[in-house]
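Colleague: build me a model from this:
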Amino acid sequence: MTFEEAIRAQYGTKVPITAEDLKLRKFRIDELRNGFLMKMQKCGVFGSFIDGETFIWTENRITRHEQQHKENKDIRHEWLVWEAARSMLERGERLSREDGERLALAVQRLEMWL
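Modeller: Got it, this is the predicted structure:
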């Protein structure tokens, strides 16, 4: 399984062929999550800060590692925004433009702070 196929198998998201340059890149998983990836020759790392997981890929296997989320008042507030949006989306509701922008900000902050 290639690096890009491993990401697609995990997140259902197709990413372009990634350069083997060890640059940290982001990709969109869905409205609630972004992913990150970094690749070098014959190995790579990808995952999601919000999901609290990192996958280490080699040509022979994929290993999953859990990350511990940090806790503080600001992070808890952003999680509340994220959870409210997730709940609305799961019920099939559409987010207003303002709610979508607030969700995007919460995702950005969570990824930065976690």
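Colleague: in the strand ranked longest in the chain, what counts as buried?
Modeller: Ranked by residue count and defined by DSSP state E, the top strand of the chain is strand 33-40. Within strand 33-40, the residues that count as buried by 16 or more other Cβ atoms under 10 Å are 33, 34, 35, 37, 38, 39. The way it works is simple: take the backbone N, C-alpha and C, and place the C-beta from them, glycine included.
Colleague: could I get those as JSON lines with distance to residue 103 and pLDDT?
Modeller: As requested, the buried residues of strand 33-40 are exported to JSON lines (distance: Cβ to Cβ, whole Å; pLDDT from 0 to 100):
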{"residue": "33", "distance to residue 103": "11", "pLDDT": "96"}
{"residue": "34", "distance to residue 103": "12", "pLDDT": "96"}
{"residue": "35", "distance to residue 103": "17", "pLDDT": "97"}
{"residue": "37", "distance to residue 103": "22", "pLDDT": "98"}
{"residue": "38", "distance to residue 103": "26", "pLDDT": "97"}
{"residue": "39", "distance to residue 103": "29", "pLDDT": "96"}
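Colleague: how close does the residue of the chain positioned farthest from its centre get to residue 26?
Modeller: The outermost residue of the chain, judged against the average C-alpha position, is residue 60 (23.4 Å), by Cα atoms, centre = their mean. With the distance defined as Cβ to Cβ, to the nearest Å, residue 60 ends up 26 Å from residue 26.
Colleague: in the chain, which spans are strands?
Modeller: Assigned by DSSP E, the strands in the chain fall at 25-30, 33-40, 43-48, 53-58, 62-66.
Colleague: could you export those as JSON lines, including distance to residue 72?
Modeller: As requested, the strands of the chain are exported to JSON lines (distance: least, Cβ to Cβ, whole Å):
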{"stretch": "strand 25-30", "distance to residue 72": "23"}
{"stretch": "strand 33-40", "distance to residue 72": "21"}
{"stretch": "strand 43-48", "distance to residue 72": "20"}
{"stretch": "strand 53-58", "distance to residue 72": "21"}
{"stretch": "strand 62-66", "distance to residue 72": "20"}
